[in-house]
Structure formats: C-alpha cells, structure tokens
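[1] give me coordinates for this.
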Amino acid sequence: MFENLSDKLQATFEKLARKGRLSDSDVDAGLRDVRLALLEADVNYRVVKDFIAAVRERAIGSEVAKSLSPAQQIVKIVHQELVRMLGQPAKLNLAGQPPYVIMLVGLQGSGKTTMAAKLALFLRRDGHKPLLVAADPYRPAAIAQLEVLGKQLDIPVHSEDIQVKPADVCAHAVQRASGGAHSVVILDTAGRLQIDDAMMDELEEIKRRVKPVEILLVADSMTGQEAVRVAEGFNSRLGVTGLILTKVDGDARGGAALSIRSVTGVPIKFMGVGEKIDALEPFYPDRLASRILGMGDVLSLIEKAETTFDQEQALKMEEKLRTASFDLEDFRQQLREIKKMGPLDQLLEMIPGLGQATRKLPTDLTERQMKRVEAIINSMTNEERHNPHLLNGSRKRRIAQGSGTSVPEVNQLLNQFRDMQRMMKQLSSGKGKGLLSMFQ
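    Okay, here's the model as predicted:
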C-alpha cells in the first residue's frame, strides 16, 4: 500500500544525505517534499500540517544541528513523529467475566464477514474458544458465507431464520456462549452502502442488549479519506473502541491508515494484510512506520515464521542443517512452509533494505522462480530428491520435460544446492566457526 509514499520519502532522505551538513533552507526544502508525498498519499490535510510542524520544530533545533549525520537524524525524527501520529498499540479489552462480546460494524463491502472469521482464528490461536454470530439478515448469502468460513476453520457459527431480529440473534448467541461453552462471541452485523439512521438504530439496539466489550469498525483502506469520514460517523453514534483496517496489502495510497487515528482518536487494533484467512496482524505503529520508511519489519517476519513453522519439524531441520544432511526433499518442504507465510514480495519487504530493491523487479518474478524450483524438485523421484548425485543426463532431461523447464535450469538448481551443502559442511566442521561467532 505504501510503495509510492515509501519511495518518495526515501528519495527525499537520500537527497538530504548527499548534502552532508544541513542548513535551515535544506531542511525546509526536504520537509516540503515530505509534505507533498503525504498529501499525494491522501493523508488528511490537517494531519499533514500538524505532522510537518512537529518535525520542523525538532529538525531546525540543535537536535539535528549537533548530529554527526543530520540526514539520519531527520529520518529518526520522521519515524518518531509517524509513530506518534499512528498512536499507541492497543490490545483487545478482554477483561472481566467471559463470554467477551466483540461487535464488528462497518459499511457493506468493507470485509466484515471475512474479518469476523479472521479474528476468530486469531483469537483461537491465542487460546480462546470463539463463537461466530451471523447477524446480517439483509445481504444475500451473508449468513451462508459465514457458515462456510466457520466450517473451513472448524469454528461454530450461530445463525437463525432471517425473520428473527438481529438484536435477538445476538442475545441468543450470548446465552449460548455463557457457562463456559465459548469465551468470545464475535458479531458479524449488517452494513449498508452508506450510513443511515435505520442501520444505526439497529446497531444501538444490539449494543444495548449484549453490552459488547469491544465495538470494532472494519474500515476499507482502499476508500481513502472516505474511510476517515465513515469512522467519524460510526464513532459519534456507537462509541467505537477500535479500528480494523482491511486491504492494507492493496495498491491504495495509504492515506486513510495514516489519518484515521489522528482524526478520530480511535486506536487501530488490527490490519488485514491479505486475502488468506490468517492474513491478520495486530497493529504496531512503530513497525508500520519502519515499513513506510523502508527500514523493514523483522519482528513481524519472525512472528509469521513462528506461527507457520511446526516447532518439532523446525528442530529436525536444524539438526539436518547442523549435520549437513539437508537434501532436496527438505528443501521442497521449506519452500512450502515459506509459501504459507504469504506472498514472497511482502516477506522480502519486511527485510531491511530489500523492499525498494524487490519493487524494481517484475511483481511476480520471485513467485515464478519459486514455482519453477518446486516444479523441478516435484519432477524427481523420491530417491533422486534424497540422493541428487544419481541425476545423470537422461534423468535431467526427464525432469526438465516433466517440469516444463530446461536441462540448464535443472543444472543451475543442482549447482546452487551443492554450493549450499558445501557451506553447511564448512560451518558444521568448524571452518565456519568465525562466521558463526558473529551471530552469537
């Protein structure tokens, strides 16, 4: 989402870095570029004005003048002010006696139903027993969609006849969850194409009947400043306790994500970062600010790996790496595990310094390369994957034909794999002890 903004900010900082010592006019020129970049990203005008004023006050002062690297100091100030703009990280308020009722609200098309399932999966991984509630009798197939998602995730869904009032459906679901059957109740409420009194009256009735601990507004990041206006409307009537931004992985300019917290005062709690059902991240302002400034997000990358990789399998793989017995079957398994973590270009952007470099490549290049490698390995027999030295000319031709590649591509993969094996043997034999010590 923040590609254009990130590129323009990095270009501005590189321009400042080339100047060495910075005069007040250099700082002002740089901040003009930052201001234009934020406005072009559809950030709210008032938010931009306050942000630039705060950065300028610090950048013109001794904080930058006395710095050995003024440009880096300005990057640091911009990062800190971005974090301040985005607000403090906010967790769900799951205190007191369960069941905890979480009410999802938002306009039609914002992704509430899918988000209800994503949130249920997230909370189940955190040790809760969620119950999904289909409280939208108006949108065609809304109830069926939630039931299908619930079945996929093996999470129960409470639904009733479309003639039953949504407030009654929600009240019945909370009664069902009481007594320890479910610790969290997630209400998928109805939306409209725009805010109207009938919708708000219904939502206020649900709030009065079930007393939710959280009222989370699901806001579509792709709608730009309209998302900010929607948030203000819902907050004025319902007292929204948190925001979930969807489609953060899309190609919108990102202004809503940077504006919505400052304008409404409501904390962002989650971000939807993809179409997969597990593509939901808790919101960390410092991590998002680092991504915007091209600094990567290693912590989120580690957390993705921890939730994706099986711990026992990881220990076995560590032993194979340590003893240099890692083969092509293991390599194929690792490729599959990496693919579960999400699109490769998103993962690479979390690594400091790689985000901008990977954006210069064709968008599907890395994915195509992974598919080609996996196709080559899949075309081998099980014996060949465990013993690559068996691969003679005729076998390579068969593999190339079966994978839709060429013999040189098969040779390239095998050469790269042998290089990796040699490096592992050096590390395990002690020759790489000096290198290993750097990471201890």
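[2] find the nearest non-adjacent residue to residue 180, please.
    Of all residues not flanking residue 180 in the chain, residue 98 sits nearest, at 7.7 Å (Cβ to Cβ, 6 or more residues apart in numbering). (Each C-beta comes from the backbone N, C-alpha and C, glycine too.)
[3] pretty sure the one you found sits against residue 184.
    Yes. Using Cβ atoms under 8 Å, residue 98 makes contact with residue 184 at a distance of 7.2 Å.
[4] out of the two, which sits in the busier spot?
    residue 184 (24 against 19; other Cβ atoms under 10 Å).
[5] circling back to that earlier point, helix, strand or coil: sort out the residue nearest to residue 180 for me.
    Using DSSP: H, G, I helix; E, B strand; the rest coil, the secondary structure recorded for residue 98 is coil.
[6] ok, which stretches of the stretch 101-250 of the chain are strands?
    Ranges of strands within the stretch 101-250 of the chain are 130-135, 157-158, 184-189, 214-220, 242-246, based on DSSP state E, counting those that start in this stretch.
[7] which residues sit against the third one?
    When contacts are defined by Cβ atoms under 8 Å, 6 or more residues apart in numbering, strand 184-189 is touched by residues 94, 98-105, 112-113, 116, 119-120, 123, 128-136, 142, 146, 166, 170, 173-174, 177, 202-203, 206, 210, 212.
[8] in helices, which of those fall?
    112-113, 116, 119-120, 123, 142, 146, 166, 170, 173-174, 177, 202-203, 206, 210 (DSSP state H).
[9] how long is stretch 396-413 from one end to the other?
    11 Å (Cα to Cα, to the nearest Å).
[10] check stretch 256-275 too.
    Start-to-end span of stretch 256-275 (Cα to Cα) is 19 Å.
[11] and it, what's buried?
    Buried residues in stretch 256-275, counted by 16 or more other Cβ atoms under 10 Å: 256-264, 266-274.
[12] stretch 379-395 too?
    Buried residues in stretch 379-395, defined by neighbour count with 16+ other Cβ under 10 Å: 379-380, 384-385, 388, 391.
[13] make JSON lines from these and add secondary structure and distance to residue 397 to it.
    Output for these, formatted as JSON lines (DSSP: H, G, I helix; E, B strand; the rest coil; distance: Cβ to Cβ, whole Å):
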{"residue": "379", "secondary structure": "coil", "distance to residue 397": "11"}
{"residue": "380", "secondary structure": "coil", "distance to residue 397": "13"}
{"residue": "384", "secondary structure": "helix", "distance to residue 397": "13"}
{"residue": "385", "secondary structure": "helix", "distance to residue 397": "17"}
{"residue": "388", "secondary structure": "helix", "distance to residue 397": "16"}
{"residue": "391", "secondary structure": "coil", "distance to residue 397": "10"}
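[14] of these, which is the nearest to residue 408?
    Comparing the buried residues of stretch 379-395 against residue 408 with Cβ to Cβ places residue 391 closest, at 13.6 Å.
[15] just the pLDDT for the residue nearest the centre of the chain.
    Closest to where the C-alpha atoms of the chain average out (Cα atoms, centre = their mean) is residue 273, at 3.8 Å. On the pLDDT scale, residue 273 is placed at 80.
[16] that one contacts residue 281, doesn't it?
    Yes. Counting by Cβ under 8 Å, residue 273 touches residue 281, with 5.5 Å between them.
[17] mean confidence for stretch 238-255?
    77.
[18] wait, stretch 167-185
    So the average pLDDT for stretch 167-185 ends up being 92.
[19] could you check how far residue 194 is from residue 108?
    Per Cβ to Cβ, to the nearest Å, residue 194 is found 9 Å from residue 108.
[20] repeat for residue 16
    Computed as Cβ to Cβ, the residue 16 to residue 108 distance reads 45 Å.
[21] looking at the two, which is more packed in?
    Applying other Cβ under 10 Å to residue 16 and residue 108 shows that residue 16 carries more neighbours, namely 22 against 15.
[22] average pLDDT across whichever helix or strand the more buried one is part of?
    Using DSSP states H and E, the element containing residue 16 is helix 3-17. In this model, helix 3-17 has an average pLDDT of 75.
[23] break the chain down into its domains, please.
    Per the record, the chain has its domains at 3-86, 100-284, 302-437, by automatic domain parsing.
[24] of all those, which lies closest to residue 292?
    domain 3-86 (5.4 Å).
[25] tell me the SS of residue 54?
    Three-state call for residue 54 (three-state DSSP): helix.
[26] the nearest residue to it once chain neighbours are set aside and residue 196: what is the separation?
    Among residues not flanking residue 54 along the chain, residue 81 sits closest, at 5.3 Å (Cβ to Cβ, 6+ apart). Per Cβ to Cβ, residue 81 is found 38 Å from residue 196.
[27] quick check: which element contains the most far-flung residue of the chain relative to its centre?
    Distance to the chain centre peaks in the chain at residue 394, reaching 45.0 Å (criterion: Cα atoms, centre = their mean). Per DSSP H and E, residue 394 falls inside helix 393-403.
[28] what sits up against that helix?
    Under the contact criterion Cβ under 8 Å, 6+ apart, helix 393-403 has outside partners 372, 375-376, 378-380, 384, 391, 406-407, 409-411.
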